[in-house]
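J.: the sequence isn't on hand, but the structure is:
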């Protein structure tokens, strides 16, 4: 990084490096926004990472950032381009949840996380693609077409926040926001070879985030190093009067947790996350990562078991669809959203919903409605909530004697587009290692830990409630000892040349 | 126990979800497969275990009821599919 760095070259850097260059006057925020938009636009035909590009807003925000930069009033993210998952409200800018139901919908308020980024002076490049209403693990369930994995355009980027992961991996933007209900930040981060963090439930406001499963989901950052994760998390975290489920606890200085190394960290390796079906290349990469942790002074404990994790998938696929069936009841075609004209009120409502929602969303509404219906509530929903307690207790016990749990993020690398779309259960198995964490509520991060057959593998670290600092500390230390997070896919260079 | 076509139609009705005849069989098979995977829950002993609705202990969040400006009517109508003057337009509820 020198004063001779051009905005185009800066696209390959991290957000904190971009911010430092902006503050040093190496180039303007406007020049960086233009370079970002040019590369993103060049990559779009191949990646389809965005639903809406925000050229006009981005340039306005960049010009405003330049005023702050010149006045010496810049925050670390002032002038830094970011991508925002299209589940998160941006005032006046189409927010679709990748659904026909919300195509053309323009929110009248910003989500709290959007507002915080705006106040920090970040520049919004666009709204990123996702599985419809965040329901999916591949970003194939989008009304705007599938996003492609920059490491192999025949493969999925993971999901549901696949657009955010793909554009960060392809060096379009250095930072993006995602949401994680069962792995929707961590799994695409793993499949795209970048870092992604799901905060503790209640750490980040959900106000203005289109609701899917309210007791499970959190907004979180995608980035290419731990310092950037800390920067973005610190910007969006905190109590919000508009979201009663946010924790009234101060946000620590996450940057201060970096640089402390792995020495003395007690790391548990729970055996239930190393399932029979996991790919050998994923297992090898995770095993090598464990060796790095041990070599850096972490105390590895392989005698850790969380037996109730075996129930996590069914618990999730009862609770999440149940909450979704209630949350998505608001889409009636009257106040906003897709409307189908018909001859009676009920017919209009049923047709608006039947035609406005895609297959996976309808499937989940059906599962949730069934699980909550008379005669099945106790056997499904209530039983799932009780088993949820068992899972939570096992995590609590594990963190009484460990600082971190270490697992693979996904049992497999990126799969081929179309490979699992017809088999919902095979698709759901992708999130085997990430779902238990949402059920318990703990924070977790996925970090790049190697490759299997040329495709990125992700390592998941889980910590105690509100202990995001431990995750960032470990991610930064591991990143210093390895260079997996610095590998860039070929798609970057294609986009960079134009 | 696999779902029947009638059960699928009943659930769709409860959810006010219009589904076509050709979707019924597909949903019946897919939902039945998914429900099968839920059976494992019965093997977990939850006698005396309280349910978890939310993952950390925070209850009865209250605030003072202070008046403040509401959103404007123009904003509310911005995304309405059909409106007429100061009203949302809907089909007759009672026929």
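T.: Arrived safely, thanks for sending. Computed from a prediction, not measured in an experiment: that's the story for all the values here.
J.: strands along the stretch 301-450 of chain A, start to end?
T.: Secondary structure of the stretch 301-450 of chain A (DSSP state E, counting those that start in this stretch): strands at A:404-408, A:444-452.
J.: count of neighbours near residue B:4?
T.: 12 (other Cβ atoms under 10 Å in any protein chain shown). Any C-beta I mention is one placed from the backbone N, CA and C, and that applies to glycine too.
J.: ok, it - contacts?
T.: Counting by Cβ atoms under 8 Å, 6 or more residues apart in numbering or on different chains, residue B:4 touches residue B:28.
J.: and the average pLDDT for the longest helix seen in chain B is what?
T.: Ranked by number of residues, the top helix in chain B under DSSP state H is helix B:21-36. Helix B:21-36 carries an average pLDDT of 94.
J.: and the contacts of it?
T.: Residues contacting helix B:21-36 (Cβ under 8 Å, 6+ apart): A:317, A:362-363, A:366-367, A:370, A:424-425, B:1-5, B:7-9, B:12, B:19.
J.: let's see which of these end up in helices.
T.: Secondary structure from DSSP H places A:317, A:362-363, A:366-367, A:370, A:424-425, B:5, B:7-9, B:12 of these in helices.
J.: out of these, which is nearest to residue A:172?
T.: residue A:424 (30.7 Å; Cβ to Cβ).
J.: correct me if wrong: that closest one contacts residue A:363.
T.: Yes - assessed by Cβ atoms under 8 Å, residue A:424 is found in contact with residue A:363 at 6.5 Å.
J.: quick one: buried residues of stretch A:231-249?
T.: Residues of stretch A:231-249 classed as buried by neighbour count (16 or more other Cβ atoms under 10 Å in any protein chain shown): A:231-238, A:240, A:243, A:245-247.
J.: enumerate the residues of the stretch 201-350 of chain A near chain B.
T.: By Cβ under 8 Å from any Cβ of the partner chain, the part of the stretch 201-350 of chain A that sits against chain B consists of A:201-202, A:215, A:241, A:244-245, A:247-248, A:308, A:310-311, A:313-315, A:317-318, A:325, A:329, A:332-339, A:342-350.
J.: how many other residues sit next to residue A:14?
T.: For residue A:14, using other Cβ under 10 Å, the count is 22.
J.: which residues touch it?
T.: A:174, A:223, A:224, A:225, A:227, A:228.
J.: can you pull the contacts of the fourth one?
T.: By Cβ under 8 Å, 6+ apart, the contact set of residue A:225 is A:14, A:195, A:476, A:479, A:485.
J.: lowest-pLDDT helix or strand in chain A?
T.: When each helix and strand of chain A is scored by mean pLDDT, DSSP states H and E, helix A:491-496 comes last, with a mean of 55.
J.: surely residue A:51 is in a helix?
T.: No - Residue A:51 is assigned strand when assessed by DSSP: H, G, I helix; E, B strand; the rest coil, not a helix.
J.: pretty sure it sits against residue A:95.
T.: No - counting by Cβ under 8 Å, residue A:51 does not reach residue A:95; the two are 9.0 Å apart.
J.: common neighbours of these two, please.
T.: A:86, A:127.
J.: on that earlier part again, can I get the strands of the stretch 301-450 of chain A in a markdown table with mean pLDDT?
T.: Formatted as a markdown table, these follow (pLDDT from 0 to 100):
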| stretch | mean pLDDT |
| --- | --- |
| strand A:404-408 | 98 |
| strand A:444-452 | 98 |
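J.: and for residue 86, nearest residue in space, chain neighbours not counted?
T.: Went with chain A since none was named. residue A:127 (3.9 Å; Cβ to Cβ, 6 or more residues apart in numbering or on different chains).
J.: actually chain B
T.: residue B:73 (6.5 Å).
J.: that neighbour and residue B:80, how far apart?
T.: Using Cβ to Cβ, to the nearest Å, residue B:73 is found at 11 Å from residue B:80.
J.: looking at the two, which is more packed in?
T.: residue B:80 (16 against 10).
J.: before we move on, back to that, out of the strands of the stretch 301-450 of chain A, which gets nearest to chain B?
T.: Taking Cβ to the nearest Cβ, strand A:444-452 is the member of the strands of the stretch 301-450 of chain A nearest to chain B, at 13.0 Å.
J.: what mean pLDDT does the helix or strand following the closest one have?
T.: Note on strand A:444-452: by DSSP states H and E, the next helix or strand toward the C-terminus is strand A:455-463. Averaged across strand A:455-463, the pLDDT comes to 98.
J.: is chain B contacted by strand A:455-463?
T.: No - Strand A:455-463 does not reach chain B (Cβ under 8 Å from any Cβ); its nearest approach is 13.2 Å.
J.: distance from the chain centre to the following helix or strand past that strand, please.
T.: Sequence-wise, the next helix or strand downstream of strand A:455-463 (DSSP H and E) is helix A:468-481. Between the centre of helix A:468-481 and the centre of its chain there are 18 Å (Cα atoms, centre = their mean, to the nearest Å).
J.: other SSEs contacting helix A:468-481?
T.: If you count contacts as 3 or more Cβ pairs under 8 Å, 6 or more residues apart in numbering or on different chains; DSSP states H and E, helix A:468-481 packs onto strand A:195-198, helix A:226-236, helix A:280-295, strand A:404-408, strand A:444-452, strand A:455-463.
J.: who's in contact with it?
T.: Helix A:468-481 has contacts (Cβ under 8 Å, 6+ apart) with A:195, A:197, A:199-200, A:203, A:225-227, A:229-230, A:233, A:237, A:252, A:254, A:257-262, A:265, A:289, A:292-293, A:295-296, A:298, A:403-404, A:443-445, A:447, A:449, A:459, A:461-464, A:485.
J.: so which bits of it are buried?
T.: Of all the residues in helix A:468-481, those buried under the rule 16+ other Cβ under 10 Å are A:468, A:469, A:470, A:471, A:472, A:473, A:474, A:475, A:476, A:477, A:478, A:479.
J.: in JSON lines, list the residues you listed along with pLDDT.
T.: Converted to JSON lines, the buried residues of helix A:468-481 look like this (pLDDT from 0 to 100):
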{"residue": "A:468", "pLDDT": "98"}
{"residue": "A:469", "pLDDT": "98"}
{"residue": "A:470", "pLDDT": "98"}
{"residue": "A:471", "pLDDT": "98"}
{"residue": "A:472", "pLDDT": "98"}
{"residue": "A:473", "pLDDT": "98"}
{"residue": "A:474", "pLDDT": "98"}
{"residue": "A:475", "pLDDT": "98"}
{"residue": "A:476", "pLDDT": "98"}
{"residue": "A:477", "pLDDT": "98"}
{"residue": "A:478", "pLDDT": "98"}
{"residue": "A:479", "pLDDT": "97"}
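J.: all the strands of chain B, residue numbers only.
T.: Here chain B has its strands, by DSSP state E, at B:83-84, B:87-88.
J.: for the first one, give the mean pLDDT please.
T.: In this case it means strand B:83-84. pLDDT averaged over strand B:83-84 gives 90.
J.: give me the sheet partners of it and which way each runs.
T.: Counting by DSSP bridges, the strands paired with strand B:83-84 are strand B:87-88 (antiparallel).
J.: before we move on, the earlier item: quick one: buried residues of the longest helix of chain B?
T.: So for helix B:21-36, counting by 16+ other Cβ under 10 Å, buried means B:23, B:24, B:27, B:28, B:30, B:31, B:34, B:35.
J.: circling back to that earlier point, now the strands of chain B in a markdown table, with distance to residue A:411 and mean neighbour count?
T.: Listed next are these as a markdown table, based on distance: least, Cβ to Cβ, whole Å; neighbours: other Cβ atoms under 10 Å in any protein chain shown:
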| stretch | distance to residue A:411 | mean neighbour count |
| --- | --- | --- |
| strand B:83-84 | 50 | 12 |
| strand B:87-88 | 48 | 12 |
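J.: out of those, nearest to residue A:138?
T.: Checking the strands of chain B against residue A:138 by Cβ to Cβ gives strand B:87-88 as the closest, at 36.7 Å.
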